[in-house]
Structure formats: C-alpha cells, structure tokens
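**Student:** Output the structure for:
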Amino acid sequence: ITTTGSNNIGWVNLSEWGSEERVQYFHNKAGSINMGGTEDIFAYIMTKPAGRWNITNDADLTLSGTKQFGIIVSDKGYGVTTGNIAEFPNAEIFLNKEMKITGTKSVGTVFKGWADLDGGSANFSQSQATNIVTPMNAISKESIFKYNLGGTKNIGMYFGYTGAKTFEVKDLLITSTGDQNTGVYAADGVVNISAKNTPVAPATDGRDNSITMSGKKNIGIFAAATGDTLSSGAKIALTGDSSTGIFAKSSGAVTNTGEISASGKSVKAIIAQGATITSTGKITVNGAALSDSDGAVGLASMNGGNLTQNHANTSITVDGSASIGAYADGKVGVPAPVATALTMTGGTITAKGGSFNTYAANNGTITLNGVTLNTEQKSLAFYTTDGGKVDFGTGATQTVANIKGGTDSNSRGTAFLYKGTGAT
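**Tutor:** Numbering: from 1, shown residues only. Got it, this is the predicted structure:
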C-alpha cells in the first residue's frame, strides 16, 4: 500500500455500535505500507471505549510524507459524551518491527485518549464465534513501541491526554538518525517509562528500554505537562551536536533512573526549566563548545528549576569557553530572577579548554555533595554572579577541587571568580 496526495487514512477503528466482544484487529504481517502524502494517518482509533482492539506490525511501515500520524488514539469514541475523554482499557499495540518515519513534522503514536499499555486485561479475548480467523490473547499483553526516526522534526510518541489515568510504557525502543527529532513528548498526561520490558519465557531478564539518537538538535524526552509527572528508567544515548537527553519545561515533577550519555558539541544531559527533576541514573557527558557563545552543559537548572543528580559514577567533561559542567541561572529570557537550585551528589566534573566546572547566576544555587572537580588549564572551577551561590558539602560529603597549574595566570586553572553579588 502506497499513498500520495493528502489526508489519507489506512485503517479506522470506527466510533460505531457493535459487539464489544469482537476484537477489531489490524495486522501488517508481510506487506509494505508507505504513507507518502501530507497529513496522512495510518490508524485512527475511536471505537467504543469498552471494545477490544489490536494493531500489530511485523513488516514494513513507513511515514515518508509531511505532518503525518502513525497511530492516533482519539479522545472521542462511541458513547463518549461531550466533555468526557475516551479511555480504552482493552488495547494492544505491537510494533514488533519498527515504524519508520522518514519525512518531516510527523508523529509515530499520538495519545489524545487513554489506552492501557501494560496489558493484563482479562476481558480481551473475542467471543467464541465460529468464524474467528485469528485467535487473540486471552489476557491482553503489554504494548510494544519501536520507532526509527529519520527526517526532521519528527516525534516517536506524543501524549496529549488531559484525564487522570497513567500511561505505563513497558517496551520502548527508539532510534533517531535525523535532526531536530524528539523521542517522547509529554504535553499532557502522567507517563511512566520502565527501565526494561517484561521478559518472555524462557528469558528471565527484560531488555533495556532505550532512546538512541545520532542526529543534530534532538531531544530524548521532552516534558511539558503542567502538573503531570513523568518517570523514566530508559537508557538515553546521544551522539549528535546540540542534543539534549531530558528537557523538562514548566512540567510536573520528573524522575529519572536511567543512564544518560551525551557526546558532541553543545550537548546537554538534563535541563530543568521551571520544573523539578530528580535523577539517580548515571550521567556521562563528553561535550565541547559549538562556538564561543554556544557550549556544552552537563546539568542545567533555570528559571525556578530544581534539579537533583545523585550517582557516584556520574562523569561530566566539558571543553571550550562557552561550556559548563553544572549551571544554575534564575533569569534566562525572563524579566526578573527566580530562586533556582541544582544539587549534585557524587561524581566528577572536568573542565577543559577555558570552560567552567560550575556557574551560578541570578539567584541560582549549586550545591555540591562529595563531587570531585578537575579544573584543567585556562578553566574555572567556581563562577558566581548576580546573586548566584555555590554551596560546598562538608565532612563525608566533602567536595574536592583539583586545580591544574601553569606558568602564568593565563595558562593555569582558576578556582574562584566572583562578579556582582555572587557568593560561595
């Protein structure tokens, strides 16, 4: 199947009356589906909320056009009255073979309504009619989400559900080779991404859930759901310039337990902008400056953010005069400074080539507990300005700074620089 033109739909799970015991089932078993138009939709779900449905992909499924959607789980459905949101407890999505997105401004799966994604529904199997072609699971299984994002400005999973139920994402693999793509975008709704999928016998351990991105200006997870929490145990690996692991902007609280690695120019592991992020996953950054004004940042808390990073093996290395290991700033593009916090416990920050280990500005406070700072030649360990503050731990949480020497003031590393009303 190949589409051209615009507004094509491959499969519609209709908002119509019918037996709730009949599973509506679509299986791309061995074919090839290429949605090549503009604003095409592969599958649109708006059936009876108590009905059963399954989408399975085992073959080629590609979105190659512009502004397309792979699967939309609608907030509308048969019998759903105005002001209410469709919620589907009997659902399965099995992207056993990855959905490829090679076009631009397209989304793999959209959740405007809620769907049960972790399985366990005992009411899933279809009726015992004599004309059953494909027997379904007696109890629904956890959904499988696999995406390959090429192209530009594409999104793997988008959550825009305004109800109270929680999305439990148990099986996730996202690979991105394009630019300006986002793995998971949480605009509304509570989202939990587990560290591993559930093992299938005879296996006893699940496979790591992961987001791997090699293009430029990508974001692994973007959280913007005001008041809604997000948790992730997925591994995030970035190797493209100007990319970010987790970015929370004015969202509910975010919890990270997964490993995040970022290498390249102007990369960032975690950004908390007006949001709270608590991370206990290992962070590894090997970043350099893209230009004199655009550097790599290991951890960033801005505009009222509160970022906590706690892992003994965290390793942040930054290079170049615009790069910063740990950055707290209460006034980035806003008219007045706001109290902002960044706390790091354990791990190492290494600054090279004129970069900064820490930079606190505009009522931003950086607290270091048991952190080792390595300040190479021409680099700076502690920089505070305009009400910024660096707080050192004591005793068992003592922070150690190793400042490398040089033949003169221009070549050696520097411990402190105060500007304005900064403090330590």
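
**Student:** which stretches of the chain have low pLDDT?
**Tutor:** Scanning the chain for pLDDT under 70 picks out the ranges 14-23, 122-134, 394-395, 409, 412, 416, 418-424.

**Student:** Tell me who's in contact with the residue most central in space within it.
**Tutor:** Residue closest to the average C-alpha location in the chain (Cα atoms, centre = their mean): I221, at 1.2 Å. I221 makes contact with 182-184, 186, 193, 211, 230, 232, 234, 236, 245-247 under the criterion Cβ atoms under 8 Å, 6 or more residues apart in numbering. Where you see a C-beta, it was placed from the backbone N, CA and C, and this is true even at glycine.

**Student:** ok, the closest residue to N218 other than its chain neighbours - how many residues close by?
**Tutor:** Among residues not flanking N218 along the chain, S243 sits closest, at 4.4 Å (Cβ to Cβ, 6 or more residues apart in numbering). Other residues near S243 number 29, with proximity taken as other Cβ atoms under 10 Å.

**Student:** Next one: S243 relative to I193, how far apart?
**Tutor:** Relative to I193, S243 is positioned 18 Å away (Cβ to Cβ, to the nearest Å).

**Student:** Could you do E168 as well?
**Tutor:** Distance of E168 to I193, given as Cβ to Cβ: 9 Å.

**Student:** what do you get for P337?
**Tutor:** The gap separating P337 from I193 is 33 Å, by Cβ to Cβ.

**Student:** thinking T3 is in contact with T38, fair?
**Tutor:** No - T3 is beyond contact range of T38, at 9.8 Å (criterion: Cβ atoms under 8 Å).

**Student:** before we move on, the earlier item: the more surrounded of E168 and I193?
**Tutor:** Higher neighbour count among E168 and I193: I193, with 26 against 17, using other Cβ under 10 Å.

**Student:** re the thing from before, mind listing the strands the helix or strand the residue nearest to the centre of the chain falls within pairs with, and their directions?
**Tutor:** Using DSSP states H and E, I221 sits in strand 219-223. If you go by DSSP bridges, strand 219-223 pairs up with strand 182-188 (parallel), strand 244-249 (parallel).

**Student:** Is it possible to get JSON lines of those that adds mean neighbour count and distance to P202?
**Tutor:** Formatted as JSON lines, these follow (neighbours: other Cβ atoms under 10 Å; distance: least, Cβ to Cβ, whole Å):
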{"stretch": "strand 182-188", "mean neighbour count": "23", "distance to P202": "31"}
{"stretch": "strand 244-249", "mean neighbour count": "25", "distance to P202": "34"}
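
**Student:** Distance to G305 for the ones you listed - can I get that in JSON lines?
**Tutor:** Shown next, in JSON lines, are these (distance: least, Cβ to Cβ, whole Å):
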{"stretch": "strand 182-188", "distance to G305": "17"}
{"stretch": "strand 244-249", "distance to G305": "8"}
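
**Student:** From S251, how far out is Q180?
**Tutor:** Plainly put, Q180 is 20 Å away from S251 if you go by Cβ to Cβ.

**Student:** quick one: the helices in the stretch 101-250 of the chain?
**Tutor:** Using DSSP state H, counting those that start in this stretch, the stretch 101-250 of the chain contains no helices.

**Student:** Before I go, just wanted to say thanks for your time.
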